[in-house]
Structure formats: C-alpha cells, structure tokens
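> What would the 3D arrangement of this be:
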Amino acid sequence: MALTGCLLLLLLCARPVSAVTMENKILVVSFKKIGEPCVHNVECQSGCCTTNSLNPQKFCTTQTLLGQCLPWRKPIGYSCTDKTECSSNCCVTNNYNPFLFCTPRNIFLQCLEWRKPNHDHCEDHTECRSLCCLRLTEASSPRCVRRSGLLARCLPQ
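From the prediction side, this is the model:
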C-alpha cells in the first residue's frame, strides 16, 4: 500500500497536474489540453482557461513567455467600448457616428482618431485630417481646409 502511494506521488510530481479529485476513494488526475473547454485555470495542463472568441465559453489556452494567461481580445473591425477589449489596444471612432471600433496602430504604434475630411464643418484644428480649420469668409462657419503655401501652413486661401 505504501509502495503504491509513493508511486502515485512520483507520477503526480513527474507530470504537470491541473486537477486532482477523489471519486469513490480513487485518485483521478485530469489533464485538459489546449482547445478543450474548461471553467477554471487548474483544469488545464497549461494552467490557463480563458475565452478565445466572442463566445463566452472558456477553453484551455497557452501561457505567454512570462507565464501569464492573457484573455482573448477583439480583432480589428469589431465594436468596442474600451481599448483593453482590442488586440491592437486601440478603440476609436472611424466615421461620423459615435460608435467605437477596434482599429490598427500606425507605424509609430499610435492609435489615430478619425478626423473630418476637407470641407466639413469644424470647431477646432484637431477635428480635421489636414489639422486646419478656418473660416473661408467672415460670415461663414469654420470648415476643414487643406493646408496651403510653400510651407504647407494653415493659411486662408
């Protein structure tokens, strides 16, 4: 009896154990592999049980190089409410409506806000793609205009 206990202990130490349960006085060791459904981290061989899609069902997933279990994040184009929901960590509007979407980062790893095209009404330079918001006449409301001049300044035309 002591020998079988020692052998069982060696078996448990030799392999990563994710869940150990007692059923009818029999020790049961379960190892769920990557991709198998789970509820808790301890059920998985990798030690990570997270969602891997918009489906709320959790599955065993791999750990990062630093041993972390990262949750699945939405790909580019999906709607979002916060940047932490997106794989790119960018959640901004991409047109006139107030809805936010996961967007890619630029080559400088920045999240760029959508800006109004030329001839749209504006209140501030930062609203425009050209970063130039001017009144074309004294009586008109400000509009986004292209930059002009030799040094591409925001000058009235």
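
> In space, what's closest to P75 - neighbours in sequence excluded?
S87 (5.6 Å; CB to CB, 6 or more residues apart in numbering). Any C-beta I mention is one placed from the backbone N, CA and C, and that applies to glycine too.

> Could you report the pLDDT at the one you found?
We note a pLDDT of 88 for S87 in this prediction.

> Give the buried residues for stretch 123-132.
Neighbour-count burial for stretch 123-132 flags E127, C128, S130, C132 (criterion: 16 or more other CB atoms under 10 Å).

> which one of those is nearest N118?
N118 lies nearest to S130 out of the buried residues of stretch 123-132, by CB to CB, at 6.2 Å.

> I figured that closest one was touching V145, is that so?
Yes. Under the criterion of CB atoms under 8 Å, S130 makes contact with V145 at 6.6 Å.

> picking up where we left off before, name all residues that make contact with the residue nearest to P75.
R73, K74, P75, I76, C102 (CB atoms under 8 Å, 6 or more residues apart in numbering).

> Tabulate these in TSV, adding columns for neighbour count and secondary structure.
Formatted as TSV, those follow (neighbours: other CB atoms under 10 Å; DSSP: H, G, I helix; E, B strand; the rest coil):
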residue	neighbour count	secondary structure
R73	16	coil
K74	17	strand
P75	13	coil
I76	13	coil
C102	22	strand
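
> all strands for this protein, in order.
Secondary structure of the chain (DSSP state E): strands at 19-23, 26-30, 37-38, 49-51, 58-60, 79-80, 91-92, 100-102, 133-134, 143-144.

> so for the first one, what's the average pLDDT?
Along strand 19-23, the predicted confidence averages to a pLDDT of 49.

> which non-adjacent residue is nearest F59?
Per CB to CB, 6+ apart, closest to F59 is N52, 5.2 Å.

> For burial, what's the neighbour tally of the one you found?
If you count neighbours by other CB atoms under 10 Å, N52 ends up with 14.

> how close does it sit to T81?
Noted for N52: a distance of 20 Å to T81, by CB to CB, to the nearest Å.

> re earlier: list the residues that are in contact with both of S130 and V145.
N118, C154.

> Give the burial count for T103, as a bare number.
Around T103 there are 21 other residues, counting by other CB under 10 Å.

> who are the neighbours in contact with it?
Going by CB under 8 Å, 6+ apart, T103 touches I76, C86, S88, C90, C91, V92, N94, C111, L112.
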